[in-house]
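Visitor: Sequence first, then the predicted structure:
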Amino acid sequence: MSLHNKTFFKRRLYTLRMAESTMVIDHINTLNILFSQLTIMEYKIEDNECVEILLQNLPDSYDQLIINVTSNAVTLVFKDLTVAILKEENRHKNKEDRLASSQ
């Protein structure tokens, strides 16, 4: 694999930022594609780095979740983190749905 391709995917990975309007599952899928592409190019990304990348590129509305999952954790597993974030997104969505239906 060329240095150009590896650099392209690394830049994309490390500059990625999830927009508030993006669904978490779509963002996680994008990350997983980038992780896979880099793995194919023999660039190994450890699970703890995947966790850090995901936490760093979540929007500000996830700040409380980030505080909650990182304050008492010694280590986090990427898969477990994605489950927690998806649950948080569902909680937000259900709260918004309840507010909309009560109006």
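Guide: Received, thanks. Numbers count the residues shown, from 1 in each chain.
Visitor: middle-most residue in this protein, spatially?
Guide: Central residue of the chain (C-alpha atoms, centre = their mean): residue 54, 3.3 Å from the mean position.
Visitor: In what element of secondary structure is it found?
Guide: helix 47-56 (DSSP states H and E).
Visitor: next one: residue 58
Guide: Here residue 58 is assigned to no helix or strand, by DSSP H and E.
Visitor: and it, how far is that from residue 22?
Guide: Look at residue 58 and residue 22: by C-beta to C-beta, to the nearest Å, they are 10 Å apart. (C-beta placed from N, C-alpha, C; glycine too.)
Visitor: buried ones in the helix or strand just after the helix holding residue 54?
Guide: Using DSSP H and E, the helix or strand that follows helix 47-56 in sequence is helix 63-71. For helix 63-71, the neighbour count (16 or more other C-beta atoms under 10 Å) marks 65-66, 69 as buried.
Visitor: angle of helix 63-71 against helix 47-56?
Guide: Angle, helix 63-71 to helix 47-56, by axes from the mean of the first three to the mean of the last three C-alpha atoms, to 10 degrees: 160 degrees.
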